[in-house]
Structures are given as C-alpha cells and as structure tokens.
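Participant: Test case, fold it:
(one chain, ligands or ions: 1)
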Amino acid sequence: MKDWNSRYAKAGTDAGTRMFGTQPCEYLREVLARTDVAPRTALCLGDGDGRNGTWLAAQGIAVTAVDLSDVATDHARHHDAAAGVTVERIVADLADWTPDAGRTWDAVFLMYLQCENAVRLRAARVGADALTPGGWFVAEGFAPAGAGGTSMGPDNPDLLYEMTGFLDILQDLDVLEALKGRIRVNEGTRHRGEARVARLLLRRPEGP
Ligand SMILES: C[S@@+](CC[C@H](N)C(=O)[O-])C[C@H]1O[C@@H](n2cnc3c(N)ncnc32)[C@H](O)[C@@H]1O
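Facilitator: Residues are numbered from 1 along each chain as shown. Next up is the predicted model:
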C-alpha cells in the first residue's frame with residue numbers, strides 16, 4: 001500500500017490546495033445535479049483531503065468521511081473549517097472499518113479509493129449495507145486501460161476499479177449507470193489528462 005501520509009504531507013494545504021484539486025469529482029457533481037438525487041446524509045469512503053466531503057457538506061448534506069490517512073484527514077478538517085462546514089471525519093482502515101450498528105446514510109461515495117481490490121470491494125459492501133431504502137451508491141475510479149491502451153492512474157492492476165467486481169457483490173442494488181470509458185480529467189496536478197475510468201450509480205430499492 002502507498003504511504004498516503006507522506007504524500008499528503010508533501011502536498012500541504014497552502015493557498016487552499018488539495019492533492020487532487022480544489023473541486024469535487026465531476027461525476028459526483030453530475031450525480032448530485034439529478035433531480036431524483038437529494039441525499040440528506042452522505043458517507044464518503046476514502047475521502048482523502050476532503051474535496052468531495054467538504055463540497056457535499058457545503059450543499060447542506062450531513063457528511064461522514066472515512067480515510068486511512070490522519071494527515072489527509074487533518075488537511076480535510078482545515079479545508080472544512082475554511083469553507084465554514086463541519087464534516088464528521090474518521091481515521092480508519094477500510095480493511096476492517098464498519099459503522100456503528102444501525103447507522104445509515106442516504107448516499108455512499110467511493111471516489112478514487114486507491115487500495116487493494118479486496119479492501120475496495122469490502123468497503124463497497126459495507127457502504128451498500130449502510131444505505132437507507134432508496135439510497136444511492138456512487139463510485140468512480142481509474143480502470144484498466146485495455147489491450148494496447150494507456151491511461152492515467154496506478155500501474156498495479158489491483159488498485160484499479162473493475163466494474164464486474166462491483167456488480168457481482170452489489171446485486172441487491174438497482175443499476176442506473178455502469179459506465180466504462182475515457183474522460184478528460186483536470187483535477188489538481190496529479191489527475192490531469194485522458195483517463196479510462198469506471199463509473200457506477202446504483203440505488204438501494206425502496207422496498208424490503
Ligand atoms: C487517490 S486518493 C483519493 C482521495 C479522494 N477520494 C479524492 O477523490 O480526492 C485515495 C485515498 O484512499 C485512501 N485509502 C487508501 N487505502 C485505504 C484504506 N485501506 N482505508 C481507508 N482509506 C484508504 C488514501 O488515504 C487516499 O486518501
């Protein structure tokens with residue numbers, strides 16, 4: 001696993017900078033712009049230095065965020081304060097974190113959670129289990145480039161988002177979007193250029 005603490009420590013928080021840009025993921029914003037998506041609570045898994053969590057909180061959503069890196073979480077708290085919002089931030093390893101019994105959220109975000117596939121799928125399952133009826137599961141991450149192609153993101157394939165893995169373990173959720181394709185990313189100095197990504201928008205059915 002990467003040493004996320006030293007990477008975030010190097011990035012610092014000067015002039016409002018964040019490791020992956022000051023704006024939230026574009027896909028997250030697209031999903032929130034849908035008229036049928038209006039979460040009052042959200043769980044951001046692997047929120048890093050908080051570009052997504054802070055933005056969601058600024059939309060009036062009560063946000064809980066989890067990340068392994070205490071340095072990133074400190075930076076995120078700094079940005080939350082600067083934005084005048086409060087986010088419940090938890091430093092924990094998603095390899096074994098579970099929410100308190102009975103806690104639920106209206107939306108769960110798994111944006112660029114760069115960790116081993118088994119940990120990412122576990123986190124996805126934990127998040128899905130914590131969704132309220134009708135709740136939204138949103139994910140985006142770098143996907144394998146495909147034969148002969150190139151893409152941005154980690155070289156280690158275990159760290160990339162594989163659509164099939166998610167869809168296999170989240171069969172109890174309805175699939176609204178499951179997209180794999182190329183996008184142009186312009187998010188900070190580290191996410192810039194053409195990338196092959198996987199995007200998922202799933203919904204927990206309203207009924208039992
Ligand atoms: C590429 S960064 C993305 C951060 C944020 N989601 C964003 O889009 O800006 C990946 C994040 O995953 C977190 N991470 C990696 N492995 C983790 C784990 N096992 N448990 C919790 N967080 C983890 C890292 O600390 C880092 O903040």
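
Participant: Identify the residues contacting Asp70.
Facilitator: For Asp70, the contacting residues are Asn5, Val91, by C-beta atoms under 8 Å, 6 or more residues apart in numbering. The C-beta positions use only the backbone N, C-alpha and C, and glycine is treated the same way.

Participant: and for the host helix or strand of Arg120, what are the contacting residues?
Facilitator: Per DSSP states H and E, Arg120 falls inside helix 117-129. The contact list for helix 117-129 (C-beta under 8 Å, 6+ apart) reads 43, 45-46, 94-95, 97-99, 105, 108, 110, 113, 115, 137, 139, 141, 158-159, 161-162, 165-166, 169-170, 172-173, 202, 204.

Participant: ok, of the residues you listed, which come out buried?
Facilitator: Buried residues within these, counting neighbours by 16 or more other C-beta atoms under 10 Å: 43, 45-46, 94, 99, 105, 108, 110, 113, 115, 137, 139, 141, 159, 161-162, 166, 170, 173, 202, 204.

Participant: among those, which are in reach of the ligand?
Facilitator: Among the buried ones among the contacts of helix 117-129, the residues that sit close to the ligand (C-beta under 6 Å from any ligand atom) are Gly46, Leu94, Leu113, Cys115.

Participant: want to throw the residues you listed into CSV with distance to Gly53?
Facilitator: Listed next are these as CSV, based on distance: C-beta to C-beta, whole Å:
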residue, distance to Gly53
Gly46, 10
Leu94, 15
Leu113, 13
Cys115, 17
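
Participant: Mind checking which of the residues you listed are in helices?
Facilitator: Using DSSP state H, the subset of those located in helices is empty.

Participant: For the protein, give me the ranges with low pLDDT.
Facilitator: 1-2, 13-16, 146-151, 187-191, 208 (pLDDT under 70).

Participant: OK, contacts around Lys180?
Facilitator: Lys180 sits next to Ala143, Met163, Arg196, Val197, Ala198, Arg199 when contact means C-beta under 8 Å, 6+ apart.

Participant: if we go to 6 Å?
Facilitator: With contacts defined as C-beta atoms under 6 Å, 6 or more residues apart in numbering, Lys180 is in contact with Ala143, Met163, Ala198.

Participant: what about stretch 7-23, start to end distance?
Facilitator: Taking C-alpha to C-alpha, to the nearest Å as the measure, stretch 7-23 stretches 19 Å from start to finish.

Participant: All set, thanks.
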